[in-house]
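>>> got a sequence here, can you build the structure:
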Amino acid sequence: QVQLVESGGGLVQAGGSLRLSCAASGRTRSDYGMGWFRQAPGKEREFVGIKWSTGSTNYADPVKGRFTISRDNAKNTVYLQMNGLKPEDTAVYYCAAPTYYSGSYWTADYWGQGTQVTVSS
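Residues are numbered from 1 along each chain as shown. Model prediction:
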């Protein structure tokens, strides 16, 4: 089992920034791809980005150039730095591990409880 706990969500004005954190514990592995997903009200959960154990990253098109994922393996923590926030970024953000691409969609084996991000216009 892997436990994931997100923190750092909140209310921010459009154009502002937030940094989310995700602390992992349990049977974590350094070779896990650590990912972030989000789910807006009335919408399906969507992939935001992933930080591979190699250090490379993939991001969804809507967040490219604005969001950055980093990880501190010594602390078993992954971060999501969000800049230039827009009202359409409003969602519950979930940390997930290991994150992987399964045929035609991104998914993960373990999920955090989520943290709310609200961007006001």
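>>> can you pull the buried residues of the strand ranked longest in the chain?
Longest strand in the chain by number of residues, with DSSP state E as the criterion: strand 91-102. For strand 91-102, burial by neighbour count (16 or more other CB atoms under 10 Å) applies to 91, 92, 93, 94, 95, 96, 97, 98, 99. In short, each C-beta sits where N, CA and C put it, glycine included.
>>> is it true that residue 107 touches residue 100?
Yes. Between residue 107 and residue 100 there is a contact under CB atoms under 8 Å: 6.9 Å.
>>> for the residue nearest the centre of the chain, grab phi and psi.
By CA atoms, centre = their mean, the mean C-alpha position of the chain lies nearest to residue 36, the distance being 2.2 Å. Dihedral angles of residue 36 (phi, psi; degrees, to the nearest 10) stand at phi -130, psi 140.
>>> hang on, it packs against residue 93?
Yes. Residue 36 is in contact with residue 93 according to CB under 8 Å; the separation is 6.2 Å.
>>> got a list of what residue 40 touches?
Contact analysis of residue 40 by CB atoms under 8 Å, 6 or more residues apart in numbering lists 88, 90, 91, 92.
>>> swap in 6 Å and give it another go.
By CB atoms under 6 Å, 6 or more residues apart in numbering, the contact set of residue 40 is residue 91.
>>> next, residue 41: secondary structure please.
coil (DSSP: H, G, I helix; E, B strand; the rest coil).
>>> need phi/psi at it.
phi -60, psi 130.
>>> all numbers from here: first residue = 36
All set: I'll call the first residue 36, so the last point we hit is now residue 76.
>>> roughly how far does it sit from residue 126?
For residue 76, the distance to residue 126 equals 8 Å [CB to CB, to the nearest Å].
>>> for the spatially closest residue to residue 97 that is not a sequence neighbour, give me phi and psi.
With CB to CB, 6 or more residues apart in numbering as the criterion, residue 97 has its nearest non-adjacent residue at 7.5 Å, and that residue is residue 123. As for residue 123, its main-chain torsions (degrees, to the nearest 10) stand at phi -70, psi -10.
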